[in-house]
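A.B. asks: Here is a sequence together with a model predicted from it:
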Amino acid sequence: MHRLFRYNIWFRIWVLFFRPLVRTGIWLNNTTNGLLSRIGRAIDNFLKYGPHEASALSYYALFSLFPLLLLAIVILTLILDADAASNQIQDILNVLFPTEAAAILEDGVTSALEQRGSASLFAVIVLLWSSANLFGNLEKILNLVFNSPVGRKIYERRLVGILMILSFAVFLLASIITNLIFSFLGLIFLNKLNTWLSLASLLVPTAFNAAIFAVLYGFVPARRLRWDAILPASILGGLTFEFAKKAFVWYLSSLTNFSLVYGSVTTVVVFMLWMFVIFCIVLLYAEICAAIDDWLADNEAQHLQQRQPDLFLIPE
């Protein structure tokens with residue numbers, strides 16, 4: 001029986017491919033002092049609870065983003081005309097969403113511009129309430145991920161929500177200004193620096209995404225984490241977010257026709273699907289960030305134990 005198994009095709013595949021991978025994984029885990037196994041457990045924790053939590057957060061985001069866009073429209077129309085405000089909102093959508101999803105949401109922006117005069121007070125009230133719900137639930141989930149001992153009070157959660165909105169507004173404004181600078185440089189140099197500008201147009205949005213992840217992991221939870229754990233998780237999260245945008249565009253354009261299936265509610269379906277993807281990325285790298293932070297804490301404890309001098313009892 002043993003000989004039959006040795007000549008089995010699955011045994012040959014195991015010997016050729018999987019056994020070297022397992023040995024390499026064990027070697028990497030030993031080399032990194034157990035970091036690889038911690039990351040594996042973090043991914044397993046995300047697979048158990050992350051998709052359900054991301055679904056709940058995408059539901060709360062549904063009641064947060066549209067009032068936020070409406071409030072942005074009201075504020076921009078006080079400064080700019082309707083066409084310029086519409087262009088700025090479209091730039092914001094292109095930063096947050098893939099191309100196909102942003103194009104679908106632009107219809108809602110157009111209709112909101114037509115009714116901007118009667119919706120400003122409603123937008124402010126709903127925005128404050130929904131942002132508190134969204135960031136309050138996000139804080140609860142991140143506190144569970146990071147094993148925070150205590151949570152914040154209600155007024156502290158609302159204050160954190162308002163600060164997060166202001167922080168995201170600053171990042172989005174900086175991203176829009178950066179895109180305008182790249183477009184201006186392209187016109188000045190007549191696309192002579194096209195390769196460098198294309199590379200910068202990929203790296204700069206990734207940097208903004210990583211900054212948003214760093215703000216989420218560094219300030220939203222009640223527990224303070226090491227920046228040595230926050231930075232790698234934030235950078236990987238920013239890169240994953242950019243690749244997810246491209247994959248989502250391919251998914252919408254190649255595999256499905258949401259307008260044919262969902263009709264008038266296509267905007268809501270696409271938005272919630274993209275929010276689900278975003279929160280899955282946020283929670284996945286939150287688990288990885290927590291695993292790295294615990295690994296750093298254990299290493300620091302081991303180094304402290306090794307550096308402590310031995311105590312000698314002096315005889316009387």
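C.D. replies: Yep, that arrived. Residues are numbered from 1 along each chain as shown.

A.B. asks: The stretch 101-250 of the chain: helices as residue ranges?
C.D. replies: 120-145, 154-188, 194-219, 227-254 (DSSP state H, counting those that start in this stretch).

A.B. asks: need the helix or strand of this protein with the lowest average pLDDT.
C.D. replies: Within the chain, no helix or strand scores below helix 2-6, which has a mean of 49 by mean pLDDT, DSSP states H and E.

A.B. asks: what's the neighbour count on residue 252?
C.D. replies: Using other CB atoms under 10 Å, the number of residues around residue 252 comes to 20. Heads up, the C-betas are built off the backbone N, CA and C, glycines and all.

A.B. asks: Kindly report the same for residue 267.
C.D. replies: Neighbours of residue 267 (other CB under 10 Å): 18.

A.B. asks: Now it: phi and psi?
C.D. replies: phi -60, psi -40 (degrees, to the nearest 10).

A.B. asks: In terms of pLDDT, where does it sit?
C.D. replies: According to the prediction, residue 267 has pLDDT 71.

A.B. asks: cool, and residue 306?
C.D. replies: The model reports residue 306 with a pLDDT of 70.

A.B. asks: cool, and the one 3 residues further on?
C.D. replies: The per-residue pLDDT reported for residue 309 equals 56.

A.B. asks: For residue 61, which residues are in contact?
C.D. replies: By CB atoms under 8 Å, 6 or more residues apart in numbering, the residues touching residue 61 are 134, 271-272, 275, 279.

A.B. asks: Can you list which of these are found in helices?
C.D. replies: 134, 271-272, 275, 279 (DSSP state H).

A.B. asks: Could you dump these into JSON lines with pLDDT added?
C.D. replies: Formatted as JSON lines, the ones in helices among the contacts of residue 61 follow (pLDDT from 0 to 100):
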{"residue": "134", "pLDDT": "76"}
{"residue": "271", "pLDDT": "79"}
{"residue": "272", "pLDDT": "84"}
{"residue": "275", "pLDDT": "87"}
{"residue": "279", "pLDDT": "92"}
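
A.B. asks: What subset of those is buried?
C.D. replies: Buried subset of the ones in helices among the contacts of residue 61 (neighbour count, 16 or more other CB atoms under 10 Å): 134, 271-272, 275, 279.

A.B. asks: Residues contacting stretch 143-153, please?
C.D. replies: By CB under 8 Å, 6+ apart, the list of residues contacting stretch 143-153 reads 45, 139-140, 142, 160, 221-223, 225, 283, 286-287, 289-290, 293.

A.B. asks: Quick one: mean pLDDT over that stretch.
C.D. replies: The pLDDT scores in stretch 143-153 average 77.

A.B. asks: end-to-end on that stretch?
C.D. replies: 13 Å (CA to CA, to the nearest Å).

A.B. asks: between the helix or strand encompassing residue 303 and helix 227-254, how many degrees?
C.D. replies: In this assignment (DSSP states H and E), residue 303 forms part of helix 266-307. Counting by axes from the mean of the first three to the mean of the last three CA atoms, to 10 degrees, helix 266-307 lies at 160 degrees to helix 227-254.
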